[in-house]
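Chemist: Any chance you can model this:
(one chain, ligands or ions: 2)
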Amino acid sequence: MHNAAVTLPDWLHRGRFDVLMVDLDGTLVDTLGDFDAALNRMLAGLGLPGVDRAFIERTVGKGSEHLVRRTLAEVGAQESRYEAAWTLYQDSYAAINGECSSVYPGAREALAAWQAAGFRLACLTNKPGEAARTLLQRKGLDVFFEVTFGGDAFARKKPDPLPLLSTCAHLGVDPSRALMVGDSENDVLAARAAGCAVAVVPYGYNHGQPIASAGADWLMRQLDRP
Ligand SMILES: O=C(O)COP(=O)(O)O
Ligand SMILES: [Mg+2]
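Modeler: Numbering: from 1, shown residues only. Ligands and ions are numbered 1, 2, ... in the order given. A predicted model of the protein is given here:
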């Protein structure tokens, strides 16, 4: 792929990092529309009122189970409805995955440039693995990744460091040679605790808070622009 227009920032070079672990929702793909469609389809199926995008935007980030639990609480539903809601949500999400979402400007170009520069790429997301792999494939982004680990791959999700440490172990690299690229404090906290550097984009989902104050090492304007 032609990627001459992408300038890698000074801090992003092979001398410092071997592996880039890249977040999915809010970093590579704007999936708010998919979450909106799937959650509201789930709520309708349960005979419950809908939720709006502002709620979804500030709630996405800690995995789908958390999102479904918080959504039930938001509409005043009993916790006992969780199991039925979870099954319905997964079916609803699978039915629309990728239809209401779009790849962010510069994301594809950046992945191509990073791959061409010799970085090994892992997609590391709190989204369930099957949904993540399907979405990457539907958006033509799967070709860039050596491996994709979802939120169900390990015992704990970001902001716990376990997914990052496990990804580094899987790839046989020291965490100090890996950079996390994400959009939320979950990525920053996980990276800090794992001993990885972290860069963030400002346009994703960070629980309604500005990501600039989350303590990342670098703030990028978008993935292909430092
Ligand atoms: O599914 C989520 O909760 C967030 O997913 P992400 O880790 O790719 O941002
Ligand atoms: Mg994210």
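
Chemist: Find the residue closest to the most centrally placed residue in the chain in space, skipping its chain neighbours.
Modeler: Closest to where the C-alpha atoms of the chain average out (CA atoms, centre = their mean) is Leu24, at 3.0 Å. In space, and not counting its chain neighbours, Leu24 is closest to Thr125: 3.8 Å by CB to CB, 6 or more residues apart in numbering. Yep, even glycine has a C-beta here, placed from its N, CA and C like the rest.

Chemist: if you skip the residues just before and after it, what's nearest to Thr134?
Modeler: Per CB to CB, 6+ apart, closest to Thr134 is Asn97, 5.3 Å.

Chemist: and the gap between that neighbour and ligand 2?
Modeler: Asn97 sits at a distance of 16 Å from ligand 2 (criterion: CB to the ion, to the nearest Å).

Chemist: burial count for that residue?
Modeler: Using other CB atoms under 10 Å, Asn97 has 21 neighbouring residues.

Chemist: surely it meets Leu135?
Modeler: Yes: at 5.6 Å, Asn97 counts as touching Leu135 under the criterion of CB atoms under 8 Å.

Chemist: anything in contact with each of the two?
Modeler: Asp34 (CB atoms under 8 Å, 6 or more residues apart in numbering).

Chemist: okay, which residue of this protein is out on the far edge from center?
Modeler: Relative to the C-alpha centroid of the chain, counting by CA atoms, centre = their mean, Gly47 is the outermost residue, at 29.6 Å.

Chemist: Just the strands from the chain, written as ranges.
Modeler: 19-22, 29-30, 102-103, 120-124, 147-149, 178-182, 197-200, 218-219 (DSSP state E).

Chemist: Between these, which one is closest to ligand 2.
Modeler: When the strands of the chain are compared by CB to the ion, strand 178-182 sits nearest ligand 2, at 5.5 Å.

Chemist: Before I go, just wanted to say thanks for your time.
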